[in-house]
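1. got a predicted structure plus its sequence, pasted below:
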Amino acid sequence: ISLNGDSLLMVPQKYDWAYDFSYGYVPVLIGKMWGIADAIFHLVIPDKYAETKVLSNTFFLVRIEDKYGVVNSENEIVVDVDYDNIEFDNEVFVVKKNGKEGCVDASNQVIIPPIYDKVFPFNNKFFKVKNEDLYGIVNNQHKVVLSSEFNDIQLWGVVDTNNNTIPIDADESNNGICSTLFIIEKQDKSNESRLKGLADSGGHILLPPTFYSIEIFEELLPSLFIVVSKKENKSRFQNSSVIAIYKIGSDAENLVFWDSIIYEDGMFSCERDGLSNLFNKHGEILLNWRNSTFIVPSSFSLACSSDI
């Protein structure tokens, strides 16, 4: 059998069959029953199961008759042998029972009851759940974060209290010092496209799902400026994309859309229909002009949202 994809090991004769190693362990067959052996073929999980599988360097899937559970390297029950199927994903166990899915943690606590068509753990804090082809988000207390009304939801990032991006596995439980962001999608009824929006882990819709694209303005990281685009009818015969910049924490209702936005030397150059404006990161107009005629602004206003 294969040890690491290159090396090959001979299986001791006391075993009738063995699969390839994974995480330093290997399922082994003795007679008609399966166990788990370590790298020196010492039996760590006894051969008393109808099926075994290595899930990690700590957890092993076992089957008794037609029910699955999980044991650790001491052959202690981690997840009750009571489920139709179990998968290990993002440090939690996705369990299936009577055609429905839920999640169990490593202390055998049911954190998401098996009542959903599908469950997708984003991490051990937030879970995408599916019912009747629509998706929502619940947390590890099984509280609804986003109701199941979206065609899809994707984990997007994490921001701190200053709305700067931080590692996606940051500790959100620490007095709310950070917030997880999700891309939400809804089907555009006028065509086959999906419109995108942005929501946070507090259940707030920051940007409604009315945009064709949402992208990070990478030149300004870790500050989270977001470029959004939408379709706009410029005439009866022309339909084109326009873009705006949104800063987390600002008012999405005050977005101003442009044909193009270029960021250079700490300034935004925005152009639309012959009108060009030069803004700083705070949204203050530095200069504007139309058709090469410069206009000195009489007062400051905001580029794209009320609080950039």
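-> Here it is on my side, so go on.

2. residue ranges in the stretch 151-300 of the chain under the pLDDT threshold?
-> Scanning the stretch 151-300 of the chain for pLDDT under 70 picks out 167-177, 232-239, 290-300.

3. and the strands in it?
-> Taking DSSP state E, counting those that start in this stretch, the strands of the stretch 151-300 of the chain run over residues 152-160, 165-166, 178-187, 194-200, 205-211, 213-216, 225-233, 239-247, 260-264, 267-272, 275-280, 285-290, 293-295.

4. can you list those strands in CSV and add mean neighbour count?
-> (Each C-beta comes from the backbone N, C-alpha and C, glycine too.) As requested, those are exported to CSV (neighbours: other CB atoms under 10 Å):
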stretch, mean neighbour count
strand 152-160, 18
strand 165-166, 17
strand 178-187, 21
strand 194-200, 20
strand 205-211, 18
strand 213-216, 14
strand 225-233, 17
strand 239-247, 18
strand 260-264, 14
strand 267-272, 18
strand 275-280, 18
strand 285-290, 15
strand 293-295, 10
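
5. which of the ones you listed sits closest to Asp66?
-> Closest approach to Asp66 among the strands of the stretch 151-300 of the chain (CB to CB): strand 152-160, 32.9 Å.

6. the strands of the stretch 151-300 of the chain into CSV, with extra columns for distance to Glu74?
-> What follows is the strands of the stretch 151-300 of the chain, written out as CSV (distance: least, CB to CB, whole Å):
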stretch, distance to Glu74
strand 152-160, 34
strand 165-166, 37
strand 178-187, 34
strand 194-200, 41
strand 205-211, 46
strand 213-216, 45
strand 225-233, 48
strand 239-247, 51
strand 260-264, 56
strand 267-272, 59
strand 275-280, 61
strand 285-290, 67
strand 293-295, 76
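
7. where's the nearest residue to Leu255 once chain neighbours are set aside relative to Asp200, distance?
-> Of all residues not flanking Leu255 in the chain, Ala244 sits nearest, at 4.3 Å (CB to CB, 6 or more residues apart in numbering). Ala244 sits 19 Å away from Asp200 when distances are taken as CB to CB, to the nearest Å.

8. check Lys143 too.
-> The gap separating Lys143 from Asp200 is 14 Å, by CB to CB.

9. before we move on, what about Ser213?
-> As judged by CB to CB, Ser213 and Asp200 stand 19 Å apart.

10. mean confidence for stretch 13-31?
-> The average pLDDT within stretch 13-31 is 92.

11. quick one: it to chain centroid distance?
-> Taking the mean of its C-alpha atoms, stretch 13-31 sits 35 Å from the chain's own mean (CA atoms, centre = their mean, to the nearest Å).

12. alright, I will stop here.
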